[in-house]
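Asker: okay, structure incoming, though there's no sequence with it:
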């Protein structure tokens, strides 16, 4: 489903050229639960951004659902992200002016679903992540764990094929982190959604079907 | 898309910044409305004084007067003014009708002789025409005083004339003979125009007719109840005049008031320059605050883009915010501007010194004119939308990865 081929990514940091990824290759199958570990600055986020169509590789190619990301226009990339990908961020990145319900609903608005369909799906997910009672609360009134649940629901509401999670548990205490991982694992199994996430949480080995380690821009299994 | 609701919540979010943007818009609207209301007052004052002291709303002449009357005045006078007056007075909009006959000649007190523009009027019918003339000394013309005359204050000074003095007007009759008439000075008046005050003489029509040796009049002036009725009257006028059986022509004050039109054109030019200046100031202050908003929300924009929002939507969102700010600021601005205008008017207006060529200053009010309000509002909304385009474009071009790690 996702194929990363010899991907190189270099950044300009001040006057220095930083090579974040030095020829990374990787494949993700349907319903796989993939963890990418590594120290901070090892290029985990960069790899996730490239797979998530948020950026393009300097060299090499990335195929998502048989489409080469560097051949897509910005519009097509946006569409792909909206239709087939879901994102979960370390600091949740909810829209502060929208309620939990509206945050989850947002990706569906881009798809032009009827209000009834949207309501059905959002309520279903609110229930799934255990936040039905908080649907009208804005993010400021939710705890960290609750916010990340909203973010997970937002990532899943479009029934994506692949969810990318960038250190989803890093800002949560360990108990809440475990709950979030349990939730993601459950969804992965039930919905056959693939997950790729970056983490340095040692608990991860219990969950992930494949674990990669990034070190100095090189990937090892 | 619930883009309106999202945009609305976003502008309520940083209240301080929204307040800053709104104050820029509100001051823009207020300046436009107040200045617009001020010049509208000037236009109205000048229009009414031009009409009521000099021109009337419509003037009626013998056919050909405007083309050939200057060279050959005797030939282009109205022979039977009573007929014309009777049919004009049948119109309900007509406030008053009066006849005029004027001449250029010399005025003398025996020692000193000066040039004068003499206008013959019918005192009883003339009151409405003198609304903008101030009598400084003595009294107005009166039917009881068939040989009384009123002259301009500057002319009176030059002749060293006092009330009760006898003055002589010398001129050519229509046949070319030299003639003189005598009148008693009964009043000294001021019109506001210094130039006019140094030449004008107002006499009973009969005295002027006697000086020119004629029974005819030069023109018939028509004053309406309201200036706004003019267009309606003008459409009926050809029919009314045809009924008299005389060969007549007419002109409305608009065709004659060159000075008025020049003043209007000048003020409007000035107003346009001020509009551009205000628009530019408002434009930059909105760009400034909007750009701050974009910076502040960089991460959020990155998130929206990451979950699949196309660039166009991001642009729309910020432009909608600009549009809403424009509407909100525009409406608030109108309310505040109207309150300020009421305040200025209630305090007695703005003291304006005498304009060039005028002898008196005046108190200017601020007129609340719907077209000015509407235009100020429209301009503001337009400027608000225009100024949000650049920040919106910047927001839509944000690099997602950089935006997501933006603190």
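Answerer: Okay, I see it. Quantities reported herein were computed from a predicted structural model and do not represent experimental measurements.
Asker: what sits closest to residue B:259 if chain neighbours are left out?
Answerer: residue B:50 (7.3 Å; Cβ to Cβ, 6 or more residues apart in numbering or on different chains). No exception for glycine: its C-beta is placed from N, CA and C like everyone else's.
Asker: can you confirm the one you found is in a strand?
Answerer: No: Residue B:50: not assigned to a strand; according to DSSP: H, G, I helix; E, B strand; the rest coil it is helix.
Asker: what sits against it?
Answerer: B:253, B:257, B:259-260 (Cβ atoms under 8 Å, 6 or more residues apart in numbering or on different chains).
Asker: go with 7 Å
Answerer: With contact set as Cβ atoms under 7 Å, 6 or more residues apart in numbering or on different chains, residue B:50 has these partners: B:253, B:257, B:260.
Asker: residue ranges with poor pLDDT in the chain?
Answerer: Going with chain A. When the per-residue scores of chain A are filtered using pLDDT under 70, no range remains.
Asker: I was thinking of chain B, sorry if that wasn't clear
Answerer: Residues of chain B meeting the criterion pLDDT under 70: B:1, B:126-132, B:356-359.
Asker: up against chain A, what does chain B have?
Answerer: When proximity is defined as Cβ under 7 Å from any Cβ of the partner chain, chain B approaches chain A at B:1-2, B:6, B:9-10, B:13, B:299-300, B:303, B:306-311, B:400-401.
Asker: okay, now the nearest residue to residue A:56 once chain neighbours are set aside: neighbour count?
Answerer: Leaving out its chain neighbours, the residue that sits closest to residue A:56 by Cβ to Cβ, 6+ apart is residue A:70, at 4.9 Å. The number of residues packed near residue A:70 is 13, by other Cβ atoms under 10 Å in any protein chain shown.
Asker: and the longest helix for the chain?
Answerer: Since no chain was named, I'll use chain A. helix A:174-191 (DSSP state H).
Asker: chain B, not that one
Answerer: Max-length helix for chain B by DSSP H is helix B:258-296.
Asker: circling back: quick one: list the elements packing against the longest helix of chain A.
Answerer: helix A:144-156 (3 or more Cβ pairs under 7 Å, 6 or more residues apart in numbering or on different chains; DSSP states H and E).
Asker: the helix it packs on: how far from the chain's middle?
Answerer: Its chain's C-alpha centre and that of helix A:144-156 lie 11 Å apart, by Cα atoms, centre = their mean, to the nearest Å.
Asker: list the contacts for the residue nearest to residue B:390 when sequence neighbours are not counted?
Answerer: Sequence neighbours aside, residue B:287 is the residue nearest to residue B:390 in space, at 5.9 Å (criterion: Cβ to Cβ, 6+ apart). Neighbouring residues of residue B:287 by Cβ under 7 Å, 6+ apart: B:387, B:390-391.
Asker: switch the cut-off to 8 Å
Answerer: B:387-388, B:390-391.
Asker: do you know how far it is from residue B:381?
Answerer: Distance, residue B:287 to residue B:381, by Cβ to Cβ, to the nearest Å: 16 Å.
Asker: same check, this time on residue B:187
Answerer: Per Cβ to Cβ, residue B:187 is found 55 Å from residue B:381.
Asker: what segments of chain A are helices?
Answerer: Shown for chain A, the helices assigned by DSSP H span residues A:44-51, A:74-84, A:100-111, A:115-128, A:144-156, A:174-191.
Asker: got a list of contacts for stretch B:159-167?
Answerer: B:107-109, B:112, B:114, B:137-138, B:149, B:151, B:155-156, B:182-188.
Asker: that'll do, ta.
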